[in-house]
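Trainee: fold the following.
(5 chains)
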Amino acid sequence: MVPVLLIGIPLLAGLIGFSLKDVVAKSWSLFASLLVLAVSVTGLCLAKNSTNLQFSIPWMGTLGSRFSIGLDGTGQILCLLTAIAFPIIFISTWKEDYKKARNFFGLMLLSEAGLMGVFLATDALLFYFFWELALIPVYFLASQWGGEKRIAATFKFFIYTFLGSLMMLVGIIFIYWHTRNQSFSLNAFYQAHLQMTNDTQAWLFWFIFVAFAVKMPIFPFHTWQPDTYEQAPTAVTMVLSGLMVKMGVFGILRWLAPVLPVGTYEWGDTVSALCIIGMIYASLIALRQDDLKRLVAYSSIAHMGLMCMAIFAINDIGTEGVMIQMFNHGINIIGLWIVVYLIEKQFKTRKISELGGIAAKAPALTALFIIIVLANIALPLTNAFIGEFLMFSGIYISKATAYSTVFVALAATTIILSAVYMLNMVQRVFYGPTNVRTENAVDIAGYEKFVLGLIVLIILVVGVYPEPLLHLGREAVANLLSKMYIKH
Amino acid sequence: MPIDNYIFLSLALFCIGIAGVLTRRNAIIIFMCIELMLNAVNLLLIAFSKMHHATAGAVNPDAGINGQIFVFFIMVVAAAEVSVGLAIIAMMYRNTHSVDINFLNRLKH
Amino acid sequence: MNSIITSAVLGVIMMFSGIFLKKNSSIVLLAILAMVALLAMAILEMSGFHFFPVETHDMLYFDVFGMFFNCIAFAATLAFFLLSGRDIAAIGHNPGEYFALIFFVLCGISIASSFNSLLMLFIGIEIFSIPLYILTGSDKRNLKSNEASLKYFLMGAFSTGIMLLGIAFLYGASATGSFFLEDLGIGKNAGSPMMMTGLILLMVSMAFKVSAAPFHFWTPDVYDGAPTVVTSFMATIVKAGAFIAFIRLFKDAFGDLKHNWQIFIAILTFFTLFIGNITAVFQQSVKRMLAYSSIAQVGFMLFSILGLNVMAQEGILLYIAVYSLATIGLFAILTRMKDFSFQAFNGLARQYPVAAFSATIFLLSLAGIPLTGGFMAKYYMIASVMETGNFFWLVVFALLCAAVSVYYYFKVIQAMYFKEGPSQELELSPAFNVLLISLALLIILLGVFPELLIDRLHIIYI
Amino acid sequence: MSNYVYLVPLFPLIGFLINGLARRSLSRSLSGAIGTVVIGASFVVSLMIFFQVKQVGFEPVTVPVFSFIQAGKLNVAFAFLVDPLSVLFLLIITGVGFLIHLYSTAYMKEESAPDFAKYFSYLNLFVFSMLLLVLGSNYIILFIGWEGVGLCSYLLIGYWFKNIDYGNAAKKAFIMNRIGDFGFLIAIFALFNEFGTLDFAEIFKQAPTVSTATITAITLLLFVGATGKSAQIPLYTWLPDAMAGPTPVSALIHAATMVTAGIYMIARSHVLYNLAPVSQTVVAITGTATILLAALIAVKQNDIKKVLAYSTVSQLGYMFLGLGVGAYTEAVFHVLTHAFFKALLFLCAGSVIHAMSGEQDIRSMGGLKKYLPITHITFLIGCLAIAGIPPFSGFFSKDEILTAAYGKNPLYYVFGVAGAAITAFYMFRLYATTFLGSFRGSEKQQHHLHESPLAMTLPLVVLAFFAATAGFLGIPEVFAKHANWLGQFLEPVLAGGAAQPESIASSTEWLLMGISTGLVLVVVGYALPRFRKHPELEEPRGLGKWMRDKFYVDEIYDALIVKPLNALADFFNQVIEKKVIDGLVNGTGRLVQYSSRQLRYLQSGQVGAYVLLMVIGMVLLFVVQLFLRK
Amino acid sequence: MSATQFLFWFLSILALFSAIMMVVSKSPVHSVLWLIVVFFAISVHYVLLNAQFLAIVNLIVYAGAIMVLFLFVIMLMNLNAETEPLKNKWLKITGVIGGGALMLVLVAALKDADIRNRIAETNKGEIGLIHNLGMALFKEYVIPFEISSVLFLSAMVGTVVIGKKE
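Mentor: Residues are numbered from 1 along each chain as shown, chains lettered A, B, ... in the order given. Below you'll find the predicted structure:
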């Protein structure tokens, strides 16, 4: 029942939200998202009792598709992340006044339902449906409530991701026709590669990969991202970068690598090379950004590249790193966006060059932000260190590629670069003398402190004691890898 | 008579009709060219009908008759089409005092 | 037979309605009632109640596929009447006759969905073409309407000529000299040069009727010039009727020769998708954009002929239903607008949220966004072709085109929701809104549960 | 002992949390007290551990705290390793740290209460990290501490963040360290790949089974890490800039403890280094080069802290030279003595700066002897110690390293002695310019001159005591047999790694010592009178200018790395991103639009054209058909 | 060469010539007259093929009724050679080339047809006679026959709608 509630609550609440009055919509959606969080935590507690975590009813029987969802190890971390993220997003933007708030919050909840569905679906067609359900509300959110150039930017985003998902659809249908009983179920998909030649898997790989690559995004499919992040309202950007990019990683983990293991091996090096290029490239570009949002956007590209690369290491350490890092990156980047949002709200600008000296006026904001930044550059005892360390180790010891050392050496340069651009930003925004804009700065309010404090708390707790989270994914990772080890 | 004589005769007439459609601008003439195309088809159908009759007439005395019936229906339809077509051309003439098909080209691109 | 006879009789009744009924609204009401009756007859027919036990001498063959299509087409027409009945009556001075012509068209469509002989195909197609020539030109004072009518007529007659030549060759190539579908693709001449010649010619003329490129050139002009309500009807139900005839012809007559002609359909599909989608991008008028989009949609529908399997047949019915409903809905809104340009839609969502929301659903469905019927329809089309294992490149191309199509459909959505525009007066009655929203919900329903519509068919085929 | 070893890092952590979280509500004295007391507590616990370790028959213990990371075969425990080496560092860190905390309570008096608490919280966090670094039983914990101290260094250098330059210095320190960490991290990955574990004990046990090439690569990468943290060529440039931080910070972090982390790490990994002679050579050469380069630069610096900073770099070079020649014990010995005398020198400098109201330029000082008597004496002791004048501590440690170096290659010795001579020269230049002669500052400064309060002078005295006497902890064999207490203490850890002094005849050793001592004394004898009378006030020319401008290393880095990188980034941002990739994406869109514009001209509106196109279409289909039939 | 063959060739050449003349005539009236000649030639072909009924119908319906209707409309509109709109020379050439190309490919497509050597019987066979056709029309083809009424009905309604003065 838990998975049904995870999807059902935000879906229903969202639909109801459309008919509510604008003033209550905000509280309503916060309530609903907290409810989802409660259910999600319950799901974690029930982890042993798997009957409550699976749900399957007939749906589109003639097509071989069922409405089957399940909360398993792979999706659990991301469901938890989603459940945590939405209340945080709602609280942190509590004071924001949206025109037609009910539509805004309704769409937000719909996208939450879509995200949950993506992480829960164990049927390929259903997965595809939720994939799009998550996308469309976000498109409308970004286009309606976004910045000046929102229409063009978000449309580019939409076309980009839509094209990617269409390619994925082709791949899904192709695999579907190669399953034994023409079924969309996850297990049937895991068997499908047995009926395919290696060459087929090799080209099919790209059809599915493109969708995920666009979502993450992997160089050179990334150009939608900075524009969209820049133009979307911050709450939506948080959803996009904190949660939706994870859909890509998750998709590869669950729907690509185990489904097409040979293709995954075949192209591992190519993808890794793309990831590395993207990481270095994005880091360097981040170095020269003056807009806070764009900077964070490019830093996100760099981080996602590493996650993608680690999947293709195809070993337990790398994959567990990816699992935990998906959670960590979600938390960290939402934290970054909140700060960016707070800065923009107070100073009416996101230009780094127009800011400075905030630390003197807003020490709490500064302290919390610096911890988030440190997490973002993967300092030990923050959550991201665990993930990045595992991922790098996984890549280094990977047997799936002959170039693991080179890959790590190149990818690890971003450790340096991320420190450079993040600290540059911290210094120029927070340190130095105050200027006209920042001299009357005030520190953040209580609820903002609460939200950021919560994020910092998660960062540190996971960074110091990651075992519970690692444990959550361990079995699932072993399970996924067992499907991928056919070649070795 | 070998059937290919009829085939190529009909084709020739048909293609003359098409060439007419392509080269003329007068709506009525174009329409007449289309009628010519239809007649070419009629001739071909009757030839085929007799061809099939020649093959199977011994077994089935009515073999091939359907081709001629078809021609009959083509004529029926052509008649209906002509009445409508001429009405449309007349309507256009009433409005523009021209039967030049290129005279009207508000609708393009 | 129910549908054919009923529609003809209803056509006659409507023809005389003008004499007895003076008010337009009562004629519209009568037409709606007649349509309900026709739909009921079609549904009864499908349920096994044949009221007219006529010996057809194999000229017609009523299978579930055709009858089911009739139901869909009639239901769509009913929706069309309900939404736009008032506008049909408002085209000119002869409301009764317009409705009569529409019923005659439906009669032709019913024949096209149940023919078993090339003769009936020819007659059926002519029956629904000739009234359309008239309907296209029914706005007599409007030069655009005149022009559209003349163009449509001349090119339609031309394509009739092509079709007849094709039929003649097929007749000549058939073993025993027959027009029955089952006799065409068999015998020692199957696949012979003459048969292929006939087949290609017939295919060309059918492609013309469904406006597949490069035989689509009449479509944008005619759709643009015709009165908007008529365009709505032509672009949906009539096109669907022609398409059913197309698929029926190729399935029943040439199904076994698939490998000889698939490449031609593939070529047509390619051009149709390309030209339809690409040309739509630059249109300035929504009406004309919809004309091109209807061409683009045909590109997808052609996949069903390429696949020609169970999935294709189920899918094409779903496609027709979803596409027709969405397009009718869109045109219904468009009919009420004075200006067909994209700018006219600016800020519509603020003033008319219901209409804008429904239009959004319609557009999303046309673009093939999941959770709308349009997605499932496209899904069926693609999956059916992929089952054959061939033409993978075409599938990929089609999806690229689908991405392009998002561009022009979303332009309308963007105009309605994200742009500001001057307020305008549209006569959108509450009933109209209710109808629109129910159509939209129906489309979503079909997107989530497509089997509601086609499971019946599935049971029969499997 | 396993019961309370965790207390050592825990106390500073508690201090950090209290000072960090409650900094708004703590008074200055309270937060200072908390900050200092926790370190003192740590020191006490460390002492207790020390006495246990010192007992005969002690075996190194690993104390697990909790399971940190577990994934696949990677199993990292959060565990502490207690052995003589770590205990020795514990004592240095907590002992010197305590004194510097104490010193800070007075030195930082002028800060506002929250800032004061912030300062102490950072300092506590630093001590915590440093303790983790030396206590960690595997490379991960070591790395956590490693990065932690880097962070604290960053925070403390940028403590006065309103000054852009200070911020830049902090950033530079962090990034330079990160470059080192890059090597360190990859070394860790390689270690894990090779050994399947990151535990010191396991790795060192298995090390001999691994090929020399691999070990060489790993050790070189570890050394890259060490060059970052311990400010060696080529990553030393951050350390002089780090003097932007408060002076006690410079004393603690940038002289006594953090910068020796690299030495600790290599000493800890000495088993690996012993297996990789190439790496050892690289370490030794780098160390030697650093000694000379930094010493030369120090000669022409006029900022009191800069001189000390370069001297630190130079002294660290000695330690690396020691490590490189396999004299691990000697290197650690030098760490110890250096901690005392360099912390002392910095604190003295802090006292001077305190007295001079923030003035750091020695050209404005002079004659401070009479105003700051305690500072003067202690500073002099520090100078003597660093210059290596017997019997001060620096003499013993430095000479042991030089002797060992001679055993390896006399060239090392030659350069080492040259470095020692230069060290003596610039230290006494500094001393003479600052304390001797007559005061050259402004009236106001002169008026303000005073000796520092007790909280500041007490640490000076204590440190001076150790700076003078600590050398006796490791008396070379040539002086007295078995008098090298430190060598014996560290024997269980660094055994086998120690240099082979036996290979050098004791007569040679005496000679070497004599040469270096004599040379130093000559230099001191030259420098002291020269700079007392004629302090160097004018701008240097020629080579001196090069030395003053640090051989333009920063500028070279800027031109070779920073500028090209920025240019590349700009190229990516402006050209690749906007023109190529985005251009490609938008170009596709434009292409579609363009095709759309062109294609629509097919729709000419003329029936004839339409029919013609249809006919062409048909012809094409038939052509295809003809081809297919062929 | 038998009389039938002679007649065939004569009629074929006549039909083709008249067809070409119809297309190239400047004056619409001439075109109509040439077309009537084509129809006559084709009707005689029908007779040759022993399809007397269709020959007669062709004459009455086509050459008679329909062509007269054309002529009538042309007269009504007072169209003549002078009012004939001119068409671009190049378009004319492309038109001819287009028609020719289609002819070419069709011939190419059909030249290998294996039924080329079959015979369409002339001067014999009863199927074209009115009796047989009538029987077939009202027995097997009664459905299409009936349904054509709808066609006519719609054509009639259409003509009325279009033609009615408003």
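Trainee: list the contacts of the residue of chain E found nearest chain D.
Mentor: Nearest residue of chain E to chain D: E:V105, at 3.8 Å (CB to the nearest CB). Where C-beta positions appear, they are placed from N, C-alpha and C, glycine not excepted. Going by CB atoms under 8 Å, 6 or more residues apart in numbering or on different chains, E:V105 touches D:618-619, D:622-623, D:626.
Trainee: for whatever helix or strand it lives in, list the C-alpha coordinates in PDB.
Mentor: Of the helices and strands defined by DSSP states H and E, E:V105 is found in helix E:89-110. Written as PDB, here are the backbone C-alpha positions of helix E:89-110 (Å, rounded to 0.1, in the frame of the first residue of the first chain):
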ATOM      1  CA  LYS E  89       5.700  28.600 -71.900                       C
ATOM      2  CA  TRP E  90       8.000  26.800 -69.400                       C
ATOM      3  CA  LEU E  91       5.100  25.500 -67.500                       C
ATOM      4  CA  LYS E  92       3.700  24.200 -70.700                       C
ATOM      5  CA  ILE E  93       6.900  22.400 -71.400                       C
ATOM      6  CA  THR E  94       7.100  21.000 -68.000                       C
ATOM      7  CA  GLY E  95       3.500  19.900 -68.300                       C
ATOM      8  CA  VAL E  96       4.200  18.000 -71.400                       C
ATOM      9  CA  ILE E  97       7.400  16.600 -70.000                       C
ATOM     10  CA  GLY E  98       5.500  15.500 -66.900                       C
ATOM     11  CA  GLY E  99       2.800  13.800 -68.800                       C
ATOM     12  CA  GLY E 100       5.400  12.200 -71.100                       C
ATOM     13  CA  ALA E 101       7.500  11.000 -68.200                       C
ATOM     14  CA  LEU E 102       4.400   9.400 -66.600                       C
ATOM     15  CA  MET E 103       3.700   7.800 -69.900                       C
ATOM     16  CA  LEU E 104       7.200   6.600 -70.100                       C
ATOM     17  CA  VAL E 105       7.400   5.000 -66.600                       C
ATOM     18  CA  LEU E 106       4.000   3.500 -67.100                       C
ATOM     19  CA  VAL E 107       5.000   1.900 -70.300                       C
ATOM     20  CA  ALA E 108       8.300   0.800 -68.800                       C
ATOM     21  CA  ALA E 109       6.400  -0.700 -65.900                       C
ATOM     22  CA  LEU E 110       4.000  -2.500 -68.100                       C
END
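Trainee: report the contact partners of residue 11.
Mentor: I went with chain A, as the question did not name one. A:L11 touches A:109-110, A:113, counting by CB under 8 Å, 6+ apart.
Trainee: my bad, chain E
Mentor: E:41-42, E:44-45, E:48.
Trainee: among those residues, which one is most surrounded by other residues?
Mentor: E:I42 (31 neighbours; other CB atoms under 10 Å in any protein chain shown).
Trainee: so A:V138 touches A:S241, yeah?
Mentor: No: using CB atoms under 8 Å, A:V138 makes no contact with A:S241, being 11.1 Å away.
Trainee: so which bits of the stretch 51-200 of chain A are right by chain D?
Mentor: A:156, A:160 (CB under 8 Å from any CB of the partner chain).
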